[in-house]
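Participant: Attaching a predicted model along with its sequence, questions to come.
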Amino acid sequence: MRIISTDHKVIGLQYLVTSLCFLLLGFCLIVLIRWQLAFPAQPVPLIGGLLGDANAPRGIMLPEFYTQLGAMHGTIMVFLAVVPFAVGAFGNYLVPLMIGAPDMAFPRLNALSYWLYLAGGIVMVTGFFLPGGAANSGWTSYPPLSIFASAGQTAWLLGMFVLILSSLVGSINMIATILQLRAPGLTMMRLPFFVWAQLVTAFLLLLAFPPLQAAAVLQLMDRLAGTSFFLPSGLVVSGLPLKVSGGGSPILWQHLFWFLAHPEVYVLILPGFGIVAEVIANATRKPLWGYRAMVGAALFMGFMSFLVWAHHMFLTGMGPTMSAFFQVTTMIISVPSVVILSSLLLSLWGGSIRFTVPALFALAFLPMFGIGGLTGLPLGLAASDIPLHDTYYVVAHFHYVVAPGTLFALFAGIYYWFPKVTGRMMNPLLGKLHFWGSFVGMNGIFLPMLIQGLAGVNRRLYDGGRTYTFAGPVVHLYSGQWWSTVLLGAVQLFFIVNLVWSLVRGRRTAENPWESTTLEWATTSPPPHENFPSPPRVHRGPYDYSPAGSTADFLPQHQP
Amino acid sequence: MIPYTIERRADTGVNNVTLGIWLFIASEVMLFGALFSSYALLRVSAPIWPHGFEVLAVWFGAANTVVLSIMTALILRARALDPRAARRLVVAGSALAIVFLLIKGLEWRGEIGNGLVPSVNTFFAMYFTLTGLHALHVIAGLVANAWALMGASRVGEAMTMGRIRSLALYWAFVDVVWLVIFLLFYLT
């Protein structure tokens, strides 16, 4: 296998391995944070001495290091781990196979997209080795703080710029591939829901990321060329009036950032919906309930996601008219999520469910995303958002969406498509240990966060809020969260061992071990270069399970 | 072999390259849209905003408007010609794009020499950011032109004409962005 390949399967696997490494790195950062919150001012065990005197003298981490960990955990998880995992790895590997195409529409741009992603990620992470450490102004990089932050912030901005180029190239490729390279007979309404989810996701990446790129350029100018795009007049830093021209607006950054970052939420969740839909249809042996409604909901969700960004900014003093508009759009956008989640739930009705490992992850996704979504409603209304803003409640809300939500969907996808990629099965026992440990661990971390947030604990406190009386009743929860983190980390070892062991020793499997209908199973496992021995022709919709008037359990899409 | 790189797909009515370049332009509209929105927000909230025609060299800007528009017209015209003539027009257009960059460089040198740098005020901060980003687009376009011309013998005429057609759309977009910059910074 060549290092620089234009085969979408190789690139998909490169994305997979790289994003899993970043996922692990992001997790390691949060392990340090959880230690600090549970046992403040105690030396980090085992590795405390390796963190460096500038970060953690005698193993006790400094507040400056803590803020780097928080900022980089968020950035790495969102931009370097989950999105490349969901879109780069799953999208790249599976979309051409699912639509019966020999490769992506622009194979060389596809390779470029991966290498830009890797370069951007490396640039961002090198911040840890710069004087003053990595970016430390939160994953949102709000000015004016970020303008005066150490050099790591410049690395963050440059890395982000390169990452956005990568996602631009990747999303153009994805849209062109889905629209142009569908096999004969594969009309849009015969596409698997996974492909629809990737299509809408690609449009969000294409159109929402450039404003953050613009914002990154402006912030770079503020940091390097002494401009004042985000610096207001009359700013005083460390007791001295700042010598800049002024006249800028910190709120402008927030608008540009959230104009990206809200669609980004749907970039994080839509591929998850897509994977869960495939796994559930397969595990229940039934067609998806409400496929057309789900497609419509995904499209509507994509469109609406551009109109809700300022619900992250209710505290900026935007005034009741603006705030009313964004509250209304926010309530509206919850509807398509409910449509998709309800359709998936109703798909289970009357099915004879095969409780395989991918099915377990996909089934757990439903209530976990449900909690994530429903806890978001009070945040979408200004009256309840104002007290909850910037508390652990918010952190719990979006982690329920992304961690036991999207990540569970991605794990379901790994277990489900592993036989496609390797021709071998993953070990179900290790898989079940991985699932139950992750399920308990994640809830053990995030459920107490909801309580801490409702008590009013701010999300970025170095000591976890111990200096505040109101946090008194909830600080003891931190130690339970620490032990849940240990559990969560430990069971990931089962996953890593399973992945490596099954690659070499896993049980060899039939061409279509899950008895699935979609096109990726119409070729060998692993598929050859250019995917299909002869171009497939599609004769039916994607979920012909237990077809009426037939004795077969399922009819593949390519079967006449 | 990837289908529809040259021929059109019947149900979408385009080939991959045309679709790709339109998607790229859509993304670029969002990029510059965000910057022009930032310009609008900062300008309306500024207590004083200089008139561009008083602080910038309008003649340089006007000359560049003419140069870039002719360049764009040439490459748009190239789409309808036979491959040899089309390639000649792309070469001529590229020369004009280089002239544009030279004029822009002279203009920047004059401004910086007079102490008019990005940190002076938000007007110049925006001016340098937008004209700089636009110049990067011109440079990228030149690289793409060279790539299309040099690859011509390797990929054949049909593919090269497809690339020139896509480049023409790109250059038209770059020209439109320049016209907006000229209007917002030099004329108001």
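Facilitator: That came through fine.
Participant: Could you show which parts of chain B are in contact with chain A?
Facilitator: Contact residues, chain B versus chain A (CB under 8 Å from any CB of the partner chain): B:1-5, B:9, B:12, B:14-16, B:19-20, B:23-24, B:26-28, B:30-35, B:38, B:41-42, B:45-47, B:117-122, B:125-126, B:128-129, B:133. C-betas here are computed from N, CA, C, even on glycine.
Participant: Go through those and flag which are in helices.
Facilitator: B:16, B:19-20, B:23-24, B:26-28, B:30-35, B:38, B:41-42, B:122, B:125-126, B:128-129, B:133 (DSSP state H).
Participant: Buried only: go through the residues of chain B next to chain A for me.
Facilitator: Listed as buried from the residues of chain B next to chain A are B:2-5, B:9, B:14-16, B:19-20, B:23-24, B:27-28, B:30-32, B:34-35, B:38, B:42, B:46, B:118-122, B:125-126, B:128-129, B:133; burial here means 16 or more other CB atoms under 10 Å in any protein chain shown.
Participant: Apart from its chain neighbours, what residue comes closest to the spatially most distant residue from the centre of chain B?
Facilitator: Relative to the C-alpha centroid of chain B, counting by CA atoms, centre = their mean, B:Met1 is the outermost residue, at 32.2 Å. Closest residue to B:Met1 apart from its sequence neighbours, by CB to CB, 6 or more residues apart in numbering or on different chains: A:Pro102 at 7.0 Å.
Participant: how close does that neighbour sit to A:Leu163?
Facilitator: Noted for A:Pro102: a distance of 28 Å to A:Leu163, by CB to CB, to the nearest Å.
Participant: repeat for A:Leu454
Facilitator: 35 Å.
Participant: Of these two, give the one with the bigger neighbour count.
Facilitator: Set A:Leu454 next to A:Leu163 and count neighbours by other CB atoms under 10 Å in any protein chain shown: A:Leu163 wins out with 27 against 16.
Participant: That one contacts A:Val78, correct?
Facilitator: No: using CB atoms under 8 Å, A:Leu163 makes no contact with A:Val78, being 10.5 Å away.
Participant: Longest helix in chain B, please.
Facilitator: Scanning chain B for the helix with the most residues, using DSSP H, yields helix B:83-113.
Participant: which residues touch the helix or strand of chain B with the lowest mean pLDDT?
Facilitator: Ranking every helix and strand in chain B by mean pLDDT, DSSP states H and E puts helix B:152-155 at the bottom, with a mean of 89. Identification of contacts with helix B:152-155 by CB atoms under 8 Å, 6 or more residues apart in numbering or on different chains yields B:83, B:87, B:160, B:163.
Participant: And for the last one, the neighbour number?
Facilitator: So the one you mean is B:Arg163. Around B:Arg163 sit 20 other residues, with neighbours defined as other CB under 10 Å.
Participant: excluding its backbone neighbours, what's nearest it?
Facilitator: What sits nearest to B:Arg163 in space, not counting adjacent residues and going by CB to CB, 6+ apart, is B:Ala148, at 4.2 Å.
Participant: Quick one: residues contacting the one you found.
Facilitator: Contacts for B:Ala148 (CB under 8 Å, 6+ apart) come out as B:90, B:160, B:163-164, B:167.
Participant: returning to what we had before: how close does the residue farthest from the centre of chain B get to A:Phe532?
Facilitator: To A:Phe532, B:Met1 is 13 Å away according to CB to CB.
Participant: Give me the common contacts of these two.
Facilitator: Joint contacts of B:Met1 and A:Phe532 (CB under 8 Å, 6+ apart) are A:Pro102.
Participant: element containing A:Pro536, please.
Facilitator: Using DSSP states H and E, A:Pro536 falls within no helix or strand.
Participant: Next, count neighbours for it.
Facilitator: That count, for A:Pro536 with other CB under 10 Å as the rule, works out to 22.
Participant: thought it was touching A:Gly100?
Facilitator: Yes: using CB under 8 Å, A:Pro536 is in contact with A:Gly100, at 4.4 Å.
Participant: Show me the common contact partners of these two, please.
Facilitator: Going by CB under 8 Å, 6+ apart, residues that sit against A:Pro536 and also against A:Gly100 are A:183, A:519, A:522, A:558.
Participant: so who does the second one touch?
Facilitator: Read that as A:Leu519. A:Leu519 makes contact with A:97-100, A:183, A:186, A:536, A:538, A:556-558 under the criterion CB under 8 Å, 6+ apart.
Participant: for the third one, same thing?
Facilitator: Taking CB under 8 Å, 6+ apart as the definition of contact, the neighbours of A:Ala522 are A:100, A:532, A:536, A:556-558.
Participant: just the residues you listed now: which is nearest chain B?
Facilitator: Of all these, chain B sits closest to A:Gly100, with 10.9 Å by CB to the nearest CB.
Participant: host element of the nearest residue to A:Pro84 once chain neighbours are set aside?
Facilitator: Of all residues not flanking A:Pro84 in the chain, A:Ser19 sits nearest, at 4.1 Å (CB to CB, 6+ apart). A:Ser19 is part of helix A:8-38 when elements are defined by DSSP H and E.
Participant: Please tell me how far that helix is from the chain's geometric centre.
Facilitator: How far helix A:8-38 lies from its chain's middle: 11 Å, per CA atoms, centre = their mean, to the nearest Å.
Participant: Tell me which helix or strand comes right after it.
Facilitator: helix A:63-75.
Participant: what's that next one packed up against?
Facilitator: Helices and strands touching helix A:63-75, by 3 or more CB pairs under 8 Å, 6 or more residues apart in numbering or on different chains; DSSP states H and E, are helix A:8-38, helix A:107-125, helix A:152-180.
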